[in-house]
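just the structure for this:
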Amino acid sequence: MALDTTTSPQGPRFDAGRSCLDLLATAHPEERIGTPEELAEWIVEAGLVPVGASLQGIDGCWVAGFRELRLHANRLIRARTAHPGDSLDRINRTARAAAPPAVRAVPGEMGCLIRELAEPVRCAALLSLLARDTVDLLTDPRARAAVRECEADGCPLLYLDTSRGRRRRWCSSEGCGNRERVARHRRRAALARS
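Residues are numbered from 1 along each chain as shown. Purely as a prediction, here's the structure:
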């Protein structure tokens, strides 16, 4: 089955700054890769394949594979000291299981070069791409030190803090940041009335 990868009815996706962190965000606030169609949308939105790419063969096995990789990546990225051996083994095996998807540059409209897949994409290739990004994050001390968890109540999202001074507090200033500022204002107003 070929899935349409040209539109996204779910709206903008959360950009955590790394593909592996983007994968973790697919579990919050609800499951975003629970069906083959949702997974296909996310694969394109996350930039793992070019827009308009033909994603054939995506089925429940793909969904299960991505969700399993998400579980192991989440365990490893959130671990501060000891790394769960089973998750580390799974990430390492997945990283070396296949080559990442091959892309090529081809002429597009008005002479601009565009990216397209050089061959049909396989699940193992995409999982390997995400696992390699996880390995890169885990083994890069600077990137690892820049991983933050949103400080908003009830928001478990992780993101790469690339802000000046590394003082970013929320996954999204427009979402969680606004909710926290409104809550803080209400608390101050309630104290003033007391």
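
domain map for the protein?
With domains defined by automatic domain parsing, the chain comprises 2-145, 147-194.

any idea how far the longest one is from the middle of the chain?
Remark: domain 2-145 is offset 7 Å from the chain centroid, using Cα atoms, centre = their mean, to the nearest Å.

I'd assumed Ile114 was in a helix, is it?
No. Secondary structure of Ile114 (DSSP: H, G, I helix; E, B strand; the rest coil): strand, not part of a helix.

quick one, phi psi at the closest residue to it other than its chain neighbours?
Once flanking residues are discounted, Ile114 sits nearest to Gly108: 3.7 Å by Cβ to Cβ, 6 or more residues apart in numbering. Yep, even glycine has a C-beta here, placed from its N, CA and C like the rest. Main-chain torsions, Gly108, degrees, to the nearest 10: phi -110, psi -160.

and the strands in this structure?
Assigned by DSSP state E, the strands in the chain fall at 2-3, 55-56, 103-107, 113-117, 147-149, 158-160.

who's in contact with the closest residue to Cys123 other than its chain neighbours?
Leaving aside its sequence neighbours, Cys123 sits nearest to Trp62 (Cβ to Cβ, 6+ apart; 4.7 Å). When contacts are counted by Cβ atoms under 8 Å, 6 or more residues apart in numbering, Trp62 touches Pro36, Leu39, Cys123.

Trp62 and Asp153: what is the separation?
Computed as Cβ to Cβ, to the nearest Å, the Trp62 to Asp153 distance reads 34 Å.

swap in Leu48?
Distance from Leu48 to Asp153, counting by Cβ to Cβ: 31 Å.

higher neighbour count, those two?
Taking neighbours as other Cβ atoms under 10 Å, Leu48 and Asp153 compare with Leu48 leading, 21 against 9.

dihedrals phi and psi, the more buried one?
Main-chain dihedrals, Leu48, degrees, to the nearest 10: phi -70, psi -30.

that one is in contact with Leu129, isn't it?
Yes. Contact status for Leu48 versus Leu129: in contact at 6.2 Å, counting by Cβ atoms under 8 Å.

shared neighbours of those two, which are they?
Listed as contacting both Leu48 and Leu129 by Cβ under 8 Å, 6+ apart are Ser19, Pro101.

of the contacts of Trp62, which is the most crowded?
Counting by other Cβ under 10 Å, top hit in those: Leu39 with 25 neighbours.

okay, the strands of the chain, which one's buried deepest?
Neighbour counts (mean count of other Cβ atoms under 10 Å) averaged over each of those peak at strand 158-160, with a mean of 21.

worst-scoring helix or strand of this protein, pLDDT-wise?
strand 2-3 (a mean of 40; mean pLDDT, DSSP states H and E).

sorry, back to before: out of the contacts of Trp62, list just those in helices.
Within the contacts of Trp62, residues falling in helices by DSSP state H are Pro36, Leu39, Cys123.

hang on, Ala105 packs against Ile114?
Yes. The pair Ala105 / Ile114 is scored as a contact, 7.1 Å apart, by Cβ under 8 Å.

give me the pLDDT value at Pro107.
The model reports Pro107 with a pLDDT of 93.

thanks a lot, see you next time.
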